[in-house]
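Asker: Any chance you could fold what I've pasted below:
(2 chains)
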Amino acid sequence: DGGITQSPKYLFRKEGQNVTLSCEQNLNHDAMYWYRQDPGQGLRLIYYSQIVNDFQKGDIAEGYSVSREKKESFPLTVTSAQKNPTAFYLCASSILAGEYGYTFGSGTRLTVV
Amino acid sequence: LAKTTQPISMDSYEGQEVNITCSHNNIATNDYITWYQQFPSQGPRFIIQGYKTKVTNEVASLFIPADRKSSTLSLPRVSLSDTAVYYCLVGRVSGSARQLTFGSGTQLTVLP
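Answerer: So this is what the prediction gives:
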């Protein structure tokens, strides 16, 4: 079955550490996205990518970095510069034209300890 | 990007029909309207999408008036498992990667 896989499901980070969240899709989608969700809030866009080796900042990119070396993969690194990283992180993908909709992964819950 | 406004929360009882309205006054000509459902600690799930008039699938209907400045998601005969947050989004179909803006959504609580 096609879909998006995020790992790990839960992640704990010590203050000052960088951590990388994995996102892999086998839907052959061109575009991939990272969102952050805080309790009781909607989703906020961190980064998105339309094509391999290209990505753009979203609304809250500070303290985060991404790479897109393969079409199927779009890892997100939460750096020590992100002052409040505890949140639920969601990866999504979509095609660029035609029928419109996102497919989301099941999310990674990051907690700073 | 068109901004959307939805009620923060709604309550309903099992077996009732639920209608959630979303306002999007500055919707553009090329924008589609899409609704997602999200359960706690899960990613949002696509429910339905439409451009104008009425769209129906196996889980919901979407009503869009002629001016397209609002839309209504209709869930027939809800059950307890329909308790979730529902998001209304507006965005363009073609072109560059679509940066969807998720508002806070509508928390639907279905009561027994």
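Asker: Mean pLDDT per helix and strand in chain B: which one sits at the bottom?
Answerer: strand B:84-92 (a mean of 89; mean pLDDT, DSSP states H and E).
Asker: Name the residues that touch that one?
Answerer: A:42, A:100, B:1-2, B:4, B:6, B:20, B:22, B:24, B:27-28, B:30-39, B:44, B:47, B:71, B:73, B:98-103, B:105-108 (Cβ atoms under 8 Å, 6 or more residues apart in numbering or on different chains). Bear in mind the C-beta positions are built from the backbone N, C-alpha and C, glycine included.
Asker: Buried ones among the residues you listed?
Answerer: Using 16 or more other Cβ atoms under 10 Å in any protein chain shown as the burial test, these include A:42, A:100, B:2, B:4, B:6, B:20, B:22, B:24, B:27, B:31-38, B:44, B:47, B:71, B:73, B:98, B:100-103, B:105-108 as buried.
Asker: what's near enough to touch residue 53?
Answerer: Picked chain A for this. By Cβ under 8 Å, 6+ apart, the neighbours of residue A:53 are A:68-69.
Asker: Let me rephrase: I mean chain B.
Answerer: B:63-64.
Asker: Let me see the contact set for residue 5.
Answerer: Using chain A. Counted by Cβ under 8 Å, 6+ apart, residue A:5 has contacts A:22-25, A:105.
Asker: that answer is for a different chain, and I need it for chain B
Answerer: Residue B:5 neighbours (Cβ under 8 Å, 6+ apart): B:22-24, B:103.
Asker: For the chain, which segments are assigned as strands?
Answerer: Just going to use chain A. Ranges of strands within chain A are A:4-7, A:10-13, A:19-25, A:31-37, A:43-51, A:54-57, A:64-66, A:76-78, A:87-94, A:103-104, A:108-112, based on DSSP state E.
Asker: that's the other chain; I wanted chain B
Answerer: Under DSSP E, chain B gives strands at B:9-13, B:18-23, B:31-38, B:45-50, B:53-56, B:61-64, B:70-75, B:84-92, B:106-111.
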